[in-house]
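[1] below is the structure, and that's it, no one-letter string:
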């Protein structure tokens, strides 16, 4: 019999480094992946060495792409894995951003100290609003979530509780301080934001392959069948909503610290549409697709800024073509594969370790090889008998 160590069942088994390697490489050779990551994180240094005049502009653009990547990855848990049409993700983004802004400007909290509080506030808000509507499906849930983001926007404009600043928003948000080092320049925010992107990607990768992630995929494919085998669909959907909202709250903290000022116009319905587009375009349920979608949706319009009068028309036409010829997205999720043991292992009796496996194999495939098994008849103990004749 195979031991737990050999089967990869233990936490400290030999397969754990392999899983980590696949996570970091994203399906590519690990040296190539590490080289690409090193070149990407060296971009600020490359811009400085080359003396690029527009370096600040490109770094700000990459910072924006990183923020939307975090938001899209968090929405992917709700939309891509659980299959819930959520068009109100900007509401959780707003809750996180305003929590950080209020605590920082009115209470004197440091930005990094408000990070977990912003995530908790966004998660709590998601739990409160999603609990009564989690049973809705399809278009009905979509319409309700649109209403949620509009309610949040109107409440912020009306200066709820007298702390949101009304239409003018909140100004004077301090810069984050990490280990006594003040983060204020674009290249500093570049490393901070993309560190959180990498952390979010890795955490959601393991979440997707956990029991919780498999349950979400089952619910997405067939909710009735999932409930029929004992999966509490409402509970798992609610958990997915809360997890996605928590990371949207984290992104709100980074956004408010980067901008220094926030207003309700930054969290309108159009932001939710952009996030929805990123997930669908990249590949619903695919983390690599979501990252690619963030680069395309947020980066390409800026690249083609010279065609300002036509860039939205070109972008819209490209989306239509994509939905016609590749509705599954640019990088669709890869179906999970599970390696099952050979069928004869079920009939293998405990034997002396010194004996080979040939006897156990021969009991199932007598003298006919592995390709031709003789008809099985009931033998002693209810096991298939290996006799080919009488």
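    Okay, I see it. As the structure is a computational prediction, the values presented were derived from the model and not from experiment. Residues are numbered from 1 along each chain as shown.
[2] residue 152 contacts residue 96, correct?
    No - in this structure, residue 152 is not within contact of residue 96 by Cβ atoms under 8 Å, at 11.5 Å. (Glycine included, C-beta is placed from N, CA and C.)
[3] grab the nearest non-local neighbour of residue 94.
    The shortest distance from residue 94 to any residue other than its chain neighbours is 3.6 Å, reached at residue 267 (Cβ to Cβ, 6 or more residues apart in numbering).
[4] so who does the one you found touch?
    Neighbouring residues of residue 267 by Cβ atoms under 8 Å, 6 or more residues apart in numbering: 90, 91, 93, 94, 97, 149, 152, 153, 156.
[5] can you get me a residue count around the last one?
    Yep, that's residue 156 we're talking about. Neighbours of residue 156 under the rule other Cβ atoms under 10 Å: 25.
[6] my guess is it contacts residue 262. True?
    No - with contact defined as Cβ under 8 Å, residue 156 does not reach residue 262; the gap is 9.2 Å.
[7] show me what the helix ranked longest in the chain is packed up against.
    If you go by DSSP state H, the chain has its longest helix at helix 233-259. Applying 3 or more Cβ pairs under 8 Å, 6 or more residues apart in numbering; DSSP states H and E, one finds that helix 233-259 contacts helix 55-76, helix 89-106, helix 111-130, helix 186-208, helix 211-221, helix 223-228.
[8] nearest to residue 35, of those?
    Nearest to residue 35, of all the helices and strands packed on helix 233-259, is helix 186-208, at 15.5 Å by Cβ to Cβ.
[9] show me what that closest one is packed up against.
    On a contact count with 3+ Cβ pairs under 8 Å, 6+ apart, helix 186-208 meets helix 16-25, helix 30-41, helix 43-50, helix 55-76, helix 233-259, helix 287-303.
[10] mean neighbour count and distance to residue 217 added to the ones you listed, as JSON lines?
    Below are those laid out as JSON lines (neighbours: other Cβ atoms under 10 Å; distance: least, Cβ to Cβ, whole Å):
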{"stretch": "helix 16-25", "mean neighbour count": "13", "distance to residue 217": "18"}
{"stretch": "helix 30-41", "mean neighbour count": "12", "distance to residue 217": "25"}
{"stretch": "helix 43-50", "mean neighbour count": "13", "distance to residue 217": "35"}
{"stretch": "helix 55-76", "mean neighbour count": "22", "distance to residue 217": "12"}
{"stretch": "helix 233-259", "mean neighbour count": "24", "distance to residue 217": "10"}
{"stretch": "helix 287-303", "mean neighbour count": "20", "distance to residue 217": "13"}
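[11] follow-up on the earlier one: and the contacts of the next helix or strand after the longest helix of the chain?
    Going down the chain from helix 233-259, the next helix or strand is strand 261-262, by DSSP states H and E. The contact list for strand 261-262 (Cβ under 8 Å, 6+ apart) reads 97, 98, 101, 169, 170, 171, 172, 173, 255, 256.
[12] report the buried residues of the helix or strand just after strand 261-262.
    With elements assigned by DSSP H and E, the helix or strand that comes after strand 261-262 is helix 269-282. For helix 269-282, burial by neighbour count (16 or more other Cβ atoms under 10 Å) applies to 269, 271, 272, 274, 275, 276, 277, 278, 279, 280, 281, 282.
[13] flag the shaky bits of the protein, pLDDT-wise.
    1-30, 306-309, 311, 336-390 (pLDDT under 70).
[14] any idea how far the residue sitting nearest the centre point of it lies from residue 334?
    What sits nearest the mean C-alpha location of the chain, by Cα atoms, centre = their mean, is residue 73, with 3.7 Å. Shown here: residue 73 relative to residue 334, a distance of 17 Å by Cβ to Cβ, to the nearest Å.
[15] before we move on, what about residue 298?
    Residue 298 sits 25 Å away from residue 334, going by Cβ to Cβ.
[16] now swap in residue 199 and tell me
    From residue 199 to residue 334 the distance is 22 Å (Cβ to Cβ).
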